[in-house]
Structure formats: C-alpha cells, structure tokens
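Enquirer: pasting the sequence and the predicted model now:
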2 protein chains.
Amino acid sequence: MKEVKVFAPATVANVVCGFDVLGFAVNEPGDEVVMRLVDEPGVRLLKITGDDGRLPLDSAKNTVSASVQHYLKHLNREDVGVEIELHKKMPIGSGLGSSSASTVAGLYAINQLMGNLLTAKELVPFAMKGEELACGYGHADNVAPALMGGFVLVRSYEPLDLIALPTPKDLFVAIVYPEVDVPTKDARQMIRAKVLLKDAVIQWGNVAGLVSGLFLNDIDLVGRSMKDVLIEPTRSILIPGFEILRELAMENGAVGFGISGSGPSVFALAKDEATARKITDAQQKYLTKLNINSNAYVSSVNAEGPRVI
Amino acid sequence: MKEVKVFAPATVANVVCGFDVLGFAVNEPGDEVVMRLVDEPGVRLLKITGDDGRLPLDSAKNTVSASVQHYLKHLNREDVGVEIELHKKMPIGSGLGSSSASTVAGLYAINQLMGNLLTAKELVPFAMKGEELACGYGHADNVAPALMGGFVLVRSYEPLDLIALPTPKDLFVAIVYPEVDVPTKDARQMIRAKVLLKDAVIQWGNVAGLVSGLFLNDIDLVGRSMKDVLIEPTRSILIPGFEILRELAMENGAVGFGISGSGPSVFALAKDEATARKITDAQQKYLTKLNINSNAYVSSVNAEGPRVI
C-alpha cells in the first residue's frame, strides 16, 4: 500500500462527570487524512482544507505531521518519506476533539502504511504528544477513544492505563455546537485548582455509576450519573443559554446532558435516533433565537475507532 | 416465626480509592443478634455480650434497638414487642463496620420476623440512621454491602442510589486489625475539607478502574486501582508501621492493600486463600515485634449479606 485515506472520529471527552478520565467516539463528525509514502525522506504536510487557514502548515508545528514524525522516530524509520493532506470535516475549537481527530487520522494512516506495527492502544502516547502541541496539555480523553473506539477510561496517566468500556446498545448522541469561541487553554485556566472533598465524593460516585451503567447496559443509570458539580458550573458560563439547552434536552427525552470536553459544544444521550434528533432540533431553534449559528450532529457511538475510507 | 438468630457480616468500606462510595462484605468476622417477638409492646435490648461493656444497653441509644424502633415506626407497628440480644463477635472501633454489622443483623432479624416486608436495599436507610447514632455520620458504605452482600456502589446519597457490583471469582480478603484505638469520628476530622483537583482526578480514575475490574473479573485491574492519594496519607499516620504492612502484603502476593474504612484495620486482596493467609501471617508477626496485639481474618467476599443461623 502506497496511499491511504483515513477517517478518524470526533470524541466527547469527560462525559460530564469523568473530567480527564472518560471519553467516547462518535460516527459523525470526524476528520480525514490522505497519506502517501514517497521516496524523498521526511514528513511533509502538503495541504489542509476546511480550516479557513487557522491551522499551521509547518510540518513541525501541525499536530498531524508532528505526531507522524514522532511515530517514525520511535521506529527508527526517519528515512521514510510521507506526504500528507488533512481535510478538516469538523469545527476547530468546538470541544469535540478536533485536533485529536486530525492527529489520530494521521497516526492511523502512517501505521497502516507501515504495516500496522502498533496497536490502537500503543498509538495513544503518540497522539497525546499531538494534543500537547495543540492545546498545551497532553490529555488522553479524546485521543484514546478516537483511536480505540467506544467508551474509554483513562484509569491512570502515570503509567498510562487505558480501559476499553462496553458501548450500550441503542445509545444515540445528540451534539450541538454553538458557534462561540472557547479555546481549550482558556477553558482549563478557569477551573479551580482546589475543590471540596465532599464535591469530589459526589463526582466519583457518579463516575463509578456511569461506568457501572455502561457495563450493565443500563442507560438510565448512565444518564443519572451524568452530573458534574465541579467543572460544569464554571465552564457553562461560557456557553450561552446553557441551562435552557439542558432543559430542552431533558424535556425532549434525553437521559443525560452536559458539555462536550471544554465546550462550547453540548451533548445529550438518548435511547433512539428520533429522540436525539428532536433534542438537537429544539436546541438549534433556541440558539437561532439568540442569533447564534450552530451545527448539529446526531450519531451512534463509534465502536471501532478510525477506518480506511 | 417467633424467634430468629441472625449473622451479619463485617465490611470493608472505601476499598481504598472509593471514599464514602464503595464497600464490600466479608464472611468473617461479623455480629450475631437473637430476636424474639413478645406480647408486651416496645423494643427492649436485653443483653450484649462480647463488647466489654463498651456499648449502651439503653434501647434508645444502642444502634441495634434504635434502628429496629425506627423500622417499626415506619411500618406503623409500634404495637409490636421485641426482645433483642446482641452478641458482638468482632472488635469495636476496628474500621471493619462493627456498628454496621450489629445494626444490620438487627434490621435483618426484625424484617424476617415481620415477614420480609422490605428488601435489603430498602433496609439501607434504616441502617444509615443507626450509623448516624454510632459515628455521628449516616454513611452507607458499610451498611449497604452488609445488607446487600458483595461489592456495593453508593452512586449518590441524595437521592440514595445503590448499585450492586459483581464479585470476582477467586477473590480473597486478608484483614489484620492492630489493637490501637482510632475512633471513626476522629479519623474523619483529620481529613482535609479541600483537595487538589488533580488529585481528585487521580482518585476518580482509580474508582472507575476498580469498578471496571469488578465487572471485567480482572483482579489485577482491581488491585492496581487500589490507590488513595487523598485520604490514606492522613489516616495512615494513625496506623503503626503502615508502610511496612503494605510492603509485607505486596511482597507476599497481594494484588492491592489499604486501610479498611477509617482504620486501624488494614486489608489486602489476594487471588487465593493461601496467599491471603501468608499476608496476614507476615503482618501479624511484624506487629508482634512492635508489641501490638492483632487479630487476623482471612475470608472470601460475602456475596449474600446477612443470614439466619
């Protein structure tokens, strides 16, 4: 194989209660990477589409090319020549793991071209380096589910310990991205360094409840565990009409609702596609009233991770 | 049935990482209650054995009789006459849910005598009232597993939401109780009210990991999730030679080790009974060198809760 085209999924990090430790992948949206092996050594990012010129074309600075370089260096194969095209098919700075989707598509592509030398799990640390470049913080709660598919628990960062969690049947995701700017770096800086132990206890009861719900295929348990007493009160300030968006989700049949990653995207979980669609319709209608443009995505959970297209 | 004798199990609360939300029951030790229905209305605690006179015989103040009163009041059956004998078969103030075992034995007994009107889960709030009386704090992480058996998650306190977790096959518990005094009230007061968010993240990664390990029947995952960066550093100060006790556990094949409840008992999990026995032997030998008396209990996880004996 000399050329490959790869899709990698967007991801919902935190899943409300599991700040920095939980995330899942969706089937829509996502990014695409086209990658070619060429004779001339080195990694070259030839073009980016769909980013409105916002991403760096410099191969050392772009997360896609930089993580491919990192992968090849690890394999002692810096003699390999690679040409990359990145096609952004999802909004940047949306809280949907945009940088993660690009990085993961690139790593999946190079690993395919090199003969699948590493497993999805083994690719995660390379993708985390890409996250560090993109948002100043090498978190795994987007890249791990983007690579492994489904729900993933980051049990520990040092050492990195990733646990694949089951994906309940008949679970649908209703995502709405309101077009307001919330850079991940700023969203992180707003969070307090210290929290009340009693709030942390509430939080880890819910994290454990959500994980139990996934294993028990109990979507209502997943839903009622989607509470965040620590981060959401701060981050939701940056999202216009957040409490109304929640009411619209719950009124229209969501099992749970919250911020995707650091926002401004919000997501709801629902038991069927029609319900998920009703939720995003109501939320988009409301945002239009506020004169805020929005994108909506209704999708099942992506259980497989990236794929060759 | 006019008389019943009930055993209720000791419990290991917190399970290291799950402060206030996790606990499991063991088959040994535990407490016994003998209860009789009599004609004269009212709840009378006739005698207590095995407590060295440390527990109140006043029916309004003892957790067993008080929670039985509470149960009968709830049912509008204060006309019922009950005589109770409590036989303490486990140490008080040991961190093994001693008050919980007594209370749960009493509630299980009265519920049997009244024709099993409530389920184990429904009895939990009555037992929590007993805990409030005994330790000034109505926590559920001892009484819920003592009543329901196995591992239990307290997903939420308000409203109370209890999730029965699976018990891995071939899991053995090695408990050592060093005879030093650590009252639950004092142990709680030592804990800081505020914690670092980054430590809380480590903690809930481990809580989710432990729960995942139970569902996956992955005892190594359970073991490596048994880490507590928040409470143990403070509470372990009250336990002589805590770090040596840990080393002895891990050296002798434990998958994980930590404080049971608020201590001073420590426990380790192991994959077979012989390993569990090796651990307690080594730890007791060490405590003897420190001139500290100790009790050891090697047991499987109690999956059923209380039983009529």
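Expert: Everything's here; your move. Here the structure is a predicted model, which means the values were calculated and not measured. Numbering: from 1, shown residues only, chains lettered A, B, ... in the order given.

Enquirer: got the contact list for the nearest residue to A:Leu55 once chain neighbours are set aside?
Expert: With sequence-adjacent residues excluded and distances taken as C-beta to C-beta, 6 or more residues apart in numbering or on different chains, A:Leu55 is closest to A:Ile48, at 5.4 Å. In short, each C-beta sits where N, CA and C put it, glycine included. Residues touching A:Ile48, when contacts are defined by C-beta atoms under 8 Å, 6 or more residues apart in numbering or on different chains, comprise A:Leu55, A:Leu57, A:Asn62, A:Glu85, A:Leu86, A:His87, A:Lys88.

Enquirer: and A:Ile48, that one's in a strand?
Expert: Yes. When classified by DSSP: H, G, I helix; E, B strand; the rest coil, A:Ile48 is found to be part of a strand.

Enquirer: coming back round to it: ChimeraX command for the buried members of the contacts of A:Ile48?
Expert: The ChimeraX command for the buried members of the contacts of A:Ile48 (criterion: 16 or more other C-beta atoms under 10 Å in any protein chain shown) is given here:
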select /A:55,62,85,86,87,88
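
Enquirer: could I get the contacts of A:Ile48 as a markdown table with secondary structure and pLDDT?
Expert: Formatted as a markdown table, those follow (DSSP: H, G, I helix; E, B strand; the rest coil; pLDDT from 0 to 100):
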| residue | secondary structure | pLDDT |
| --- | --- | --- |
| A:Leu55 | coil | 91 |
| A:Leu57 | coil | 89 |
| A:Asn62 | coil | 93 |
| A:Glu85 | strand | 97 |
| A:Leu86 | strand | 97 |
| A:His87 | strand | 97 |
| A:Lys88 | coil | 97 |
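
Enquirer: name the helix or strand for A:Leu37, please.
Expert: When elements are defined using DSSP states H and E, A:Leu37 is found to belong to strand A:22-38.

Enquirer: chain center to that strand, what's the gap?
Expert: 10 Å (C-alpha atoms, centre = their mean, to the nearest Å).

Enquirer: just checking, what packs against it?
Expert: In terms of contacts (3 or more C-beta pairs under 8 Å, 6 or more residues apart in numbering or on different chains; DSSP states H and E), strand A:22-38 is packed against strand A:3-13, strand A:81-87, helix A:98-113, helix A:143-148, strand A:151-156, strand A:172-178, helix A:197-216, strand A:294-300.

Enquirer: could you say what helices and strands the fourth one packs with?
Expert: It stands for helix A:143-148. Using 3+ C-beta pairs under 8 Å, 6+ apart as the contact criterion, the neighbours of helix A:143-148 among helices and strands are strand A:3-13, strand A:22-38, helix A:98-113, helix A:120-135, strand A:151-156, strand A:161-165.

Enquirer: lowest average pLDDT across the ones you listed?
Expert: Taking the mean pLDDT of each of the helices and strands packed on helix A:143-148, the lowest value is held by helix A:120-135, a mean of 91.

Enquirer: near chain B, anything from that helix?
Expert: No. With C-beta under 8 Å from any C-beta of the partner chain as the criterion, chain B is not reached by helix A:120-135; the gap is at least 14.3 Å.

Enquirer: and that helix with helix A:98-113, angle?
Expert: Angle, helix A:120-135 to helix A:98-113, by axes from the mean of the first three to the mean of the last three C-alpha atoms, to 10 degrees: 140 degrees.

Enquirer: got the angle between helix A:120-135 and strand A:3-13?
Expert: Orientation note: helix A:120-135 sits at an angle of 70 degrees relative to strand A:3-13 (the same axes, to 10 degrees).

Enquirer: tell me, how many residues neighbour A:Lys289?
Expert: Neighbouring residues of A:Lys289 were enumerated by other C-beta atoms under 10 Å in any protein chain shown; the total is 10.

Enquirer: what's the answer for the one 3 residues further on, then?
Expert: Residues lying near A:Ile292 (other C-beta under 10 Å) number 16.

Enquirer: partner residues bridging the closest residue to it other than its chain neighbours?
Expert: The shortest distance from A:Ile292 to any residue other than its chain neighbours is 4.9 Å, reached at A:Pro178 (C-beta to C-beta, 6+ apart). Counting by DSSP bridges, A:Pro178 is bridged to A:Ser294.

Enquirer: quick check, A:Pro178 in contact with A:Phe242.
Expert: No. Distance between A:Pro178 and A:Phe242: 9.5 Å, which falls outside the contact criterion (C-beta atoms under 8 Å).

Enquirer: distance check, the residue of the stretch 1-150 of chain A found nearest chain B against A:Lys129.
Expert: Using C-beta to the nearest C-beta, the point where the stretch 1-150 of chain A gets nearest to chain B is A:Val21, with a distance of 4.4 Å. When distances are taken as C-beta to C-beta, to the nearest Å, A:Val21 and A:Lys129 turn out to be 19 Å apart.

Enquirer: and for A:Glu179?
Expert: 29 Å.

Enquirer: try A:Asp272
Expert: For A:Asp272, the distance to A:Lys129 (C-beta to C-beta) stands at 39 Å.

Enquirer: of the two, who's got more company?
Expert: The neighbour comparison of A:Asp272 against A:Lys129 (other C-beta under 10 Å) goes to A:Lys129, with 19 against 12.

Enquirer: contact partners for that one?
Expert: If a contact means C-beta under 8 Å, 6+ apart, then A:Lys129 has A:Ala66, A:Ser67, A:His70, A:Gly138 as its contacts.

Enquirer: backbone phi and psi for the first one, please?
Expert: Comment: the main-chain dihedrals of A:Ala66 come out as phi -60, psi -40, following degrees, to the nearest 10.

Enquirer: the residue lying closest to it once chain neighbours are set aside - how many residues pack around it?
Expert: Residue nearest to A:Ala66 in three dimensions, not counting chain neighbours: A:Leu133, with 5.6 Å by C-beta to C-beta, 6+ apart. Neighbour count for A:Leu133, taken as other C-beta under 10 Å: 20.

Enquirer: same question for the one 10 residues further on.
Expert: Residues lying near A:Val143 (other C-beta under 10 Å) number 33.

Enquirer: before we move on, what about A:Asp52?
Expert: For A:Asp52, the number of neighbouring residues by other C-beta under 10 Å comes to 9.

Enquirer: tell me the pLDDT of the residue nearest to A:Glu40 when sequence neighbours are not counted.
Expert: With C-beta to C-beta, 6+ apart as the criterion, A:Glu40 has its nearest non-adjacent residue at 4.6 Å, and that residue is A:Gly81. On the pLDDT scale, A:Gly81 is placed at 96.

Enquirer: same thing with A:Gly258?
Expert: The model reports A:Gly258 with a pLDDT of 98.

Enquirer: that one reaches A:Ser265, doesn't it?
Expert: No. No contact is recorded between A:Gly258 and A:Ser265 when judged using C-beta under 8 Å, the distance being 10.3 Å.
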